[in-house]
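Q: no sequence on hand, only this structure:
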Ligand code: UT7
């Protein structure tokens, strides 16, 4: 095919989120493991997490977020052309969660797939979807970040069980109408040497499920928290700085920073290094914990409620996660 397509820019045109109603508080966790509400609050900034009901899986939350997003834009699901579901907790290995969501919302003309990049999943998903729009092949791409972390957390391990919550969020990508809106630039990296510090050992082809893997609690998140912490602070600062510099921007130009919510101390350390005032950094980890692929849309929802996301505002999105995966992107808010 020797056809040149026009170069386009993608914009975010709608946002929707869902968290399950059930709450798990620090006080609840005090009764489950040897911890204190004060330790959790001081070391992580978390107080409450939302936990999926026994009958809810990742696709159920993803469907709610997708419907909220389409309703906001006033679109019928049949107008969506691609669905990317970013998750490390799919309902099952296959079919993909994207297929389950496509069927449930009635997106009859869409294709799609799951994207596995852990806590950086949504940032990667936005960039991947934006390239489909920029290439001129699609006009409406739905990116969903959804994780039911409570299903892969060991609630006897105090070092991990206090950190995570469940939730979902979605954004719709469409072609920008001018250069003054949409994706400005992005940086993504992986550093696979960090894989050993945050992973789920069993359930894949290396170590399939067996009585032993269950007995040894290998179907849960295993983490070396300090290693991940140090890498996250360094990388969040590094990629944001590079992204701004190469676009001739300074941190003063950023109207709002939407960081992945893994630990309040990671966010404050990275934003202090960047020199961005705290009133322009969204922190909602106190209410949601780390919802993995859902943290960025949940942060965007809060930013919008605070009036920080308006047409022309510059948003800096950044995440670091298992892999290691790293992602940052700059967006001119479009609506
Ligand atoms: O999205 C990416 C995913 N993950 C992350 O980004 C997580 C990054 N890491 C972190 O957020 C932090 O490292 C943690 C919150 C996980 C841990 O905080 P820390 O300040 O790094 O604590 P630590 O691992 O150095 O442990 C200090 C002490 C230890 O006790 P000893 O050995 O000093 O006696 C832990 O056993 O705190 C203990 N500890 C706890 N104590 C009470 C660990 N978890 C708990 C707990 N309650 N829940």
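A: Received the coordinates, thanks. Nothing here was measured: the structure is a model prediction, and the numbers come from that model.

Q: residues from the stretch 101-250 of the chain in reach of the ligand?
A: The stretch 101-250 of the chain comes close to the ligand at residues 119, 158-159, 162, 198, 225-226, 228-229, 232, as judged by CB under 6 Å from any ligand atom. Placement of C-beta: from N, CA and C, glycine included.

Q: tell me the buried residues within those residues.
A: 119, 162, 198, 225, 228-229, 232 (16 or more other CB atoms under 10 Å).

Q: in strands, which of the residues of the stretch 101-250 of the chain next to the ligand fall?
A: residue 198 (DSSP state E).

Q: could you dump the residues of the stretch 101-250 of the chain next to the ligand to TSV with distance to residue 328?
A: Converted to TSV, these look like this (distance: CB to CB, whole Å):
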residue	distance to residue 328
119	13
158	31
159	27
162	27
198	19
225	22
226	23
228	17
229	18
232	12
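
Q: can you tell me which of the residues of the stretch 101-250 of the chain next to the ligand is closest to residue 48?
A: For residue 48, the nearest member of these is residue 162. The distance, counting by CB to CB, is 11.2 Å.

Q: so who does that closest one touch?
A: Residues in contact with residue 162 (CB atoms under 8 Å, 6 or more residues apart in numbering) are 26, 29, 33, 35, 40, 44, 46, 289.

Q: do residue 325 as well
A: 117-121, 124, 188-190, 319.

Q: what bridges to it?
A: For residue 325, the beta-bridge partners are residue 190, residue 321 (DSSP bridges).

Q: what's the ChimeraX syntax to select whichever of the contacts of residue 162 are buried?
A: The following ChimeraX line selects those of the contacts of residue 162 that are buried, judged by 16+ other CB under 10 Å:
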select :26,29,35,40,44,46,289
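
Q: which of the contacts of residue 162 lies closest to the ligand?
A: residue 35 (3.3 Å; CB to the nearest ligand atom).

Q: ok, now which ones touch that closest one?
A: Here residue 35 is in contact with 26, 29, 158, 162 (CB under 8 Å, 6+ apart).

Q: in three-state terms, label it for me.
A: The local conformation at residue 35, judged by DSSP: H, G, I helix; E, B strand; the rest coil, is coil.

Q: does the helix or strand harbouring residue 40 come close to the ligand?
A: Assigned by DSSP states H and E, residue 40 belongs to helix 37-44. Yes - applying CB under 6 Å from any ligand atom, one finds helix 37-44 touching the ligand at 39-40, 43-44.

Q: over to stretch 23-32?
A: No - in terms of CB under 6 Å from any ligand atom, no part of stretch 23-32 sits within range of the ligand; the closest distance is 7.5 Å.

Q: endpoints of that stretch, how far apart?
A: End-to-end span of stretch 23-32 (CA to CA, to the nearest Å): 14 Å.

Q: same question for stretch 13-27.
A: Stretch 13-27: ends 39 Å apart by CA to CA.
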